[in-house]
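Colleague: just to be clear, the model below is a prediction. Sequence and coordinates:
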Amino acid sequence: MDARVKPAHDDRMNRRVLGALAGLIIMAALIAAPFGLKPYGIYILTLWAVTTIAAIGLNLTLGYAGQVSLAQGAFVGIGAYAAALLTTHGWPLGSAYVVAAIACFAIGWLLGYPALRVQHHYLAFVTLAFATLAYLVFRNEEWITGGIYGISNIPRPNLFGYLLRSPRDFYYFCLANLAIVSLAAWWLIHSPWGRAFVALRENPLRALSLGVDTRRYTLMAFALGAGLGGISGVLYAPLVQYIDPTPFSLLLSLNLLLMVIVGGSGYFFGPFVGAIIAVLLPEWLQAASKYYLFYYAAFVMLLLIVSPSGIIGFFEKCFTATRKAEPPPAPAPEVKVA
Amino acid sequence: MAVLEVRDLSRQFGGIHAVEGVSFNVNEGEILGIIGPNGSGKSTLFNCILGQLQPSAGEVRLDGRAVTGMRPCDLNRLGVSRTFQLLQVFPELTVRENLILAAQEHKGSMVSRLFGARDVGLTGEANRMIDFFRLDHLADAKAGGLSYGQQKLLDAAMAFMAGPRLVLLDEPAGGVNLTMLANLRDRLEAINREGATFVVIEHNMEFVMSLCSRIVVLAEGRIIAEGKPEAVRQDPKVIEAYLGH
């Protein structure tokens, strides 16, 4: 037991250095990426950044606080409609941030109330009902959402008087948003709130007996997750410049859930990787034309069989395995995909 | 001076009276033992006192103030702490984080906990507790990787982190080996000397008789005997309750 536990400190230092290094490389790659890509490639990368923000939100609610939500897509929709309506009526995108964040936070808070009574699959159904309701509002309340005709001519935002019209400019804008959201989420997860969220996920009864107001933290987890969903929507509307109800159907909520779980639920970098799988991988697999859904589904199933804790969980397992086995370092088993 | 007063507390599940008209006081600084055969209502009694269950009737007072049915988290912040019959640590948090979590909600507000220090200024106290319960070599290990006995010690340590006035321990000795048990009793007595009051549910008679200054015996939801360990041990009603069936 002791031999296993002793190097915990070294281990953490190593991991921190490794993590910082990986972070720097990825950041440099993300900044350099648009120079080697066509506009469509930049669009997909922007979509990844925007989607990741929503997935980070769901990871807070589900991954850290353990509250199942099938409604994250609805919050993206609310944010997107808020941005579309405000900016097409001459308001700046900044106003959409405020409106969407406040609206989604408040609705998310209310949606948290059922979670105080029901958990797991029952909670999933309650949130699913909300997602369906939101979709019906987007589709049927034509007077405000434009119904199936949607809202077009959504302008790209101005930043200090500079219009972010080109794909590359808007990509950097979204990347900056992602960076800010990531920092805020990092801060939150490593604050006492993050600890309380994990306690809520692992053992709410015990947390309650230790003075953790589980009711308040549950509602907060829903509200914060929903708020980030809204922010994601605020960026999505000017990215595609035309929205209708279709992208905000239940499918988006399921897709976001998939991202969080495939990436690694409850891991900070889980949503980033999950969004790669859900947004970028289908594009790369387009080459396989009509079989791509088949490959994609096979990959996801295989992954979850090999590592139920997602891709980040898989890497963590390999990392610990190599540490334990050294020397010689055990080669990490690879998941082979077509 | 009574820290805790329980008056006519009852709890029914359907037609079954799990706890029926139970009254007792817990005096400042004492270690009160609650014993009784399986199913005699001990854990239900704890859950009613601690707000985990709503009592069907009766009253609970803490320092003379009515706290019946108060939420466990609010009661905890008034200085009442507990452990559970089954192990309840947070496996994905390290030992130190488990301890910090156990007291963080007692400090500051939601806002200050979000923007203030990561450890809420509790690292020192956590380290003291880690030392005190002899878990030093495990401070940075995830709690889920500890042995059963070590987790049991951590579980107890968590109950003491916020410096509670009153601690309710539900079977602290269950499944703990003899060395660890002596360590645990030792620690509990030391904390008691520092001023904490205890109520202990326990099946291990030797442990309970040596630790507690007074004992309450429950059978079928009612108190059948109360007094010093020696007196309770000889009480024919107690012997009947344990051996009668």
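Modeller: Done, it's in. Numbers count the residues shown, from 1 in each chain, chains lettered A, B, ... in the order given.
Colleague: is the longest helix belonging to chain B positioned near chain A?
Modeller: In terms of residue count, the longest helix belonging to chain B (DSSP state H) is helix B:178-193. No. For helix B:178-193, no contact with chain A is found by Cβ under 8 Å from any Cβ of the partner chain; the gap never falls below 13.8 Å. Where you see a C-beta, it was placed from the backbone N, CA and C, and this is true even at glycine.
Colleague: if you count neighbours, what's buried in that helix?
Modeller: Of the residues in helix B:178-193, those buried under the neighbour-count criterion (16 or more other Cβ atoms under 10 Å in any protein chain shown) are B:180-181, B:183-184, B:187-188, B:191-192.
Colleague: got it, and stretch A:98-118?
Modeller: Residues of stretch A:98-118 classed as buried under the neighbour-count rule (16+ other Cβ under 10 Å) are A:99-101, A:103-105, A:107-109, A:111-112, A:114-115.
Colleague: okay, these in JSON lines with secondary structure and distance to residue A:175 next?
Modeller: Compiled in JSON lines, these are given as follows (DSSP: H, G, I helix; E, B strand; the rest coil; distance: Cβ to Cβ, whole Å):
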{"residue": "A:99", "secondary structure": "helix", "distance to residue A:175": "23"}
{"residue": "A:100", "secondary structure": "helix", "distance to residue A:175": "19"}
{"residue": "A:101", "secondary structure": "helix", "distance to residue A:175": "19"}
{"residue": "A:103", "secondary structure": "helix", "distance to residue A:175": "25"}
{"residue": "A:104", "secondary structure": "helix", "distance to residue A:175": "22"}
{"residue": "A:105", "secondary structure": "helix", "distance to residue A:175": "24"}
{"residue": "A:107", "secondary structure": "helix", "distance to residue A:175": "27"}
{"residue": "A:108", "secondary structure": "helix", "distance to residue A:175": "25"}
{"residue": "A:109", "secondary structure": "helix", "distance to residue A:175": "29"}
{"residue": "A:111", "secondary structure": "helix", "distance to residue A:175": "29"}
{"residue": "A:112", "secondary structure": "helix", "distance to residue A:175": "30"}
{"residue": "A:114", "secondary structure": "helix", "distance to residue A:175": "35"}
{"residue": "A:115", "secondary structure": "helix", "distance to residue A:175": "33"}
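Colleague: where does the chain dip in pLDDT?
Modeller: If you meant another chain, say so; for now it's chain A. Counting by pLDDT under 70, chain A shows low-confidence ranges at A:1-12, A:289, A:323-338.
Colleague: oops, wrong one, chain B.
Modeller: Residues of chain B that meet the criterion pLDDT under 70 lie in B:244-245.
Colleague: for it, what lies in contact range of chain A?
Modeller: Residues of chain B lying close to chain A by Cβ under 8 Å from any Cβ are B:50, B:52, B:71-73, B:76-77, B:81-82, B:84, B:88-93, B:97, B:100-106, B:110, B:113-115, B:118, B:120, B:137-138, B:140-141, B:145, B:147, B:158, B:162.
Colleague: does residue B:226 touch residue B:217 like I think?
Modeller: Yes. With contacts counted by Cβ atoms under 8 Å, residue B:226 reaches residue B:217, the gap being 7.0 Å.
Colleague: enumerate the residues of the stretch 201-338 of chain A near chain B.
Modeller: The stretch 201-338 of chain A has residues A:202-203, A:205-214, A:216, A:266 near chain B, with proximity defined as Cβ under 8 Å from any Cβ.
Colleague: now list the buried members of the residues you listed.
Modeller: Buried residues within these, defined by neighbour count using 16+ other Cβ under 10 Å: A:202-203, A:206-214, A:266.
Colleague: would you mind giving those residues as JSON lines with secondary structure added?
Modeller: Putting those into JSON lines (DSSP: H, G, I helix; E, B strand; the rest coil) gives the following:
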{"residue": "A:202", "secondary structure": "helix"}
{"residue": "A:203", "secondary structure": "coil"}
{"residue": "A:206", "secondary structure": "helix"}
{"residue": "A:207", "secondary structure": "helix"}
{"residue": "A:208", "secondary structure": "helix"}
{"residue": "A:209", "secondary structure": "helix"}
{"residue": "A:210", "secondary structure": "coil"}
{"residue": "A:211", "secondary structure": "coil"}
{"residue": "A:212", "secondary structure": "coil"}
{"residue": "A:213", "secondary structure": "coil"}
{"residue": "A:214", "secondary structure": "helix"}
{"residue": "A:266", "secondary structure": "coil"}
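Colleague: out of these, which comes closest to residue A:301?
Modeller: Taking Cβ to Cβ as the measure, residue A:266 is the one of these closest to residue A:301, at 20.8 Å.
Colleague: helices of chain B, residue ranges please.
Modeller: Assigned by DSSP H, the helices in chain B fall at B:42-49, B:72-77, B:95-104, B:110-115, B:123-132, B:148-160, B:178-193, B:205-211, B:229-234, B:236-243.
Colleague: which one of those helices lies closest to residue A:254?
Modeller: Proximity of the helices of chain B to residue A:254 was assessed by Cβ to Cβ; the nearest stretch is helix B:110-115, lying at 31.0 Å.
Colleague: any idea how far that closest one is from the chain center?
Modeller: On the basis of Cα atoms, centre = their mean, to the nearest Å, helix B:110-115 is displaced by 29 Å from the centre of the chain it belongs to.
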